[in-house]
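Undergrad: Sequence first, then the predicted structure, then my questions.
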Amino acid sequence: MGFKCGIVGLPNVGKSTLFNALTKTAAAQAANYPFCTIEPNTGDVAVPDPRLSEIAGIATSKEIIPTRITFVDIAGLVRGAASGEGLGNQFLANIREVDAIVHVVRCFEDEDITHVDGKIDPLADIDTIETELMLSDLESLEKRVVAMRKKASGKDKEALQMVPLMEKALGLLQDGKPARLAELTPEEEKPFQGLSLLTSKPILYVCNVEEDAAGEGNGYSAKVFDHAKATGARAVAISAAIEAEVAVLPLEEQAEFLETLGLEEAGLDRLIREGYALLGLVTYFTAGPKETRAWTITQGTKAPQAAGVIHTDFERGFIRAQTIAYNDYVTLKGETAAKEAGKARDEGKEYVVQDGDVLLFKFNT
Ligand SMILES: Nc1ncnc2c1ncn2[C@@H]1O[C@H](COP(=O)(O)OP(=O)(O)OP(=O)(O)O)[C@@H](O)[C@H]1O
Ligand SMILES: [Mg+2]
């Protein structure tokens with residue numbers, strides 16, 4: 001399926017450093033000058049999940065295959081982008097294509113690294129970017145709503161539904177608020193997302209802090225956390241520079257290095273997990289002697305569509321899914337014991353797959 005998080009932020013705040021660390025490649029040039037990234041770079045990243053090795057141990061699997069999400073390193077966005085400043089519209093187009101936004105905010109002091117506005121002020125930076133995104137949404141909606149109103153006056157059914165949604169978004173944007181704050185009924189969610197507004201995408205703030213603050217964050221990141229809380233976003237504090245160093249170390253040395261810094265786990269693991277949650281994704285597992293594997297679905301996916309992620313034949317010929325909850329699988333130590341304990345359920349077409357389910361699909365070909 002491919003779920004994409006776009007890494008955005010002002011120029012020179014550490015986006016490519018973070019992206020490099022994430023993809024463990026030097027594919028995205030990181031350099032201390034604005035606009036070093038022009039084409040967006042895309043990288044697939046394994047989603048770390050400690051449940052995989054637990055299951056694999058029990059199922060004596062030869063291989064572990066984590067699920068993946070995609071990160072895109074997008075060039076820095078500056079004030080005036082919505083009116084074509086900088087590399088303006090190109091960035092906005094790149095952002096339009098992602099499912100969620102990872103917004104890197106500069107929270108470190110370093111006189112050698114230029115800040116485009118000359119001072120460290122994370123909330124002002126957030127405001128700059130959010131304003132550009134809102135202006136872009138406003139402009140695109142103002143154009144689109146005219147045609148839609150015309151269609152609605154001709155009693156077009158879709159238009160009659162869309163006009164009030166567009167007006168809801170317009171009302172917020174005209175007040176200087178992002179479209180994600182729109183109050184929607186469950187039925188309105190999908191058509192509203194269909195408007196593909198930049199400011200309706202979920203947001204994760206990454207506070208890029210200095211080395212010493214990599215765990216708890218600092219005064220700057222505290223402000224960003226408060227802002228996130230107040231606006232329904234998420235936030236993590238990470239030092240992109242350290243993550244880039246950790247990422248190139250051999251696995252054995254990584255844990256040791258993190259320990260010397262007083263960190264329990266790589267910030268990237270936290271970031272990837274937050275990104276995954278931000279996208280509203282859940283994981284189910286398949287387990288056998290060959291491999292234990294994690295699969296990604298969106299919340300609310302029913303068993304046949306979940307099976308379809310593995311293969312379209314699984315969905316087409318779906319009969320039922322033998323389902324063992326992760327906790328049962330681990331406590332009872334595997335499929336056989338779970339079956340004996342009556343914890344292996346046969347679920348049908350209407351079953352909504354839950355996070356952590358260990359599934360075995362029965363299907364016709
Ligand atoms: N936490 C940090 N502490 C100190 N320096 C950092 C930190 N994170 C990144 N840097 C440095 O900041 C500079 C800019 O980083 P990077 O090239 O990743 O920015 P960018 O946001 O991708 O910029 P652009 O918008 O130009 O593509 C680099 O010199 C990088 O090493
Ligand atoms: Mg860059």
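TA: Noted; the coordinates are in hand. All of these numbers come straight from a predicted model, not from anything done at the bench. Ligands and ions are numbered 1, 2, ... in the order given.
Undergrad: which element is the residue lying closest to residue 330 once chain neighbours are set aside on?
TA: Among residues not flanking residue 330 along the chain, residue 54 sits closest, at 5.5 Å (CB to CB, 6 or more residues apart in numbering). Quick note: C-beta positions are derived from backbone N, CA and C, even for glycine. Counting by DSSP states H and E, the element that carries residue 54 is helix 50-59.
Undergrad: CA-only coordinates of that helix, as CSV, when you get a sec.
TA: Extracted as CSV, the C-alpha positions of helix 50-59 are listed here (Å, rounded to 0.1, in the frame of the first residue of the first chain):
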residue,chain,number,x,y,z
PRO,A,50,9.6,-5.9,19.6
ARG,A,51,6.6,-8.3,19.2
LEU,A,52,8.1,-9.7,16.0
SER,A,53,11.0,-11.4,17.7
GLU,A,54,8.7,-12.7,20.5
ILE,A,55,6.5,-14.4,17.9
ALA,A,56,9.4,-15.6,15.8
GLY,A,57,11.0,-17.2,18.9
ILE,A,58,7.8,-19.1,19.6
ALA,A,59,7.1,-20.1,16.0
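Undergrad: tell me the pLDDT at the spatially most central residue of the chain?
TA: Nearest to the mean C-alpha position of the chain, by CA atoms, centre = their mean, lies residue 275 at 3.3 Å. At residue 275, the pLDDT value in this model is 86.
Undergrad: Check the one 5 residues further on too.
TA: pLDDT, the model's per-residue confidence, is 86 for residue 280.
Undergrad: from the chain, which residue is nearest to ligand 1?
TA: residue 76 (2.7 Å; CB to the nearest ligand atom).
Undergrad: which sections of this structure are below the confidence cut-off?
TA: Low-confidence segments of the chain (pLDDT under 70): 1, 25-40, 78, 81-88.
Undergrad: report the longest helix in it, please.
TA: helix 122-153 (DSSP state H).
Undergrad: sorry, back to before: from the contact counts, what lies against the helix holding residue 54?
TA: strand 63-65, strand 281-287, strand 291-298, helix 326-331 (3 or more CB pairs under 8 Å, 6 or more residues apart in numbering; DSSP states H and E).
Undergrad: Would you pull up how far it lies from the middle of the chain?
TA: Centroid separation for helix 50-59 versus its chain: 25 Å, with CA atoms, centre = their mean, to the nearest Å.
Undergrad: Then stretch 193-202?
TA: Offset of stretch 193-202 from its chain centre (CA atoms, centre = their mean): 14 Å.
Undergrad: how long is it from one end to the other?
TA: 11 Å (CA to CA, to the nearest Å).
Undergrad: Equivalent analysis for stretch 148-159, please.
TA: Distance between the two ends of stretch 148-159: 6 Å, counting by CA to CA.
Undergrad: List the neighbours of it that are in contact with it.
TA: For stretch 148-159, contacts defined as CB atoms under 8 Å, 6 or more residues apart in numbering pick out 160, 162, 163, 166.
Undergrad: Tell me, how many residues neighbour residue 195?
TA: For residue 195, the neighbour count with other CB atoms under 10 Å is 18.
Undergrad: did I read that right, it in a strand?
TA: No. Assessed with DSSP: H, G, I helix; E, B strand; the rest coil, residue 195 is coil; it does not lie in a strand.
Undergrad: ok, stretch 71-81 near ligand 2 or not?
TA: No. Applying CB under 5 Å from the ion, one finds stretch 71-81 separated from ligand 2 by no less than 6.0 Å.
Undergrad: pretty sure residue 287 is touching residue 53, no?
TA: No. Applying CB atoms under 8 Å as the test, residue 287 and residue 53 come out as separate, 11.5 Å apart.
Undergrad: Cheers, nothing more for now.
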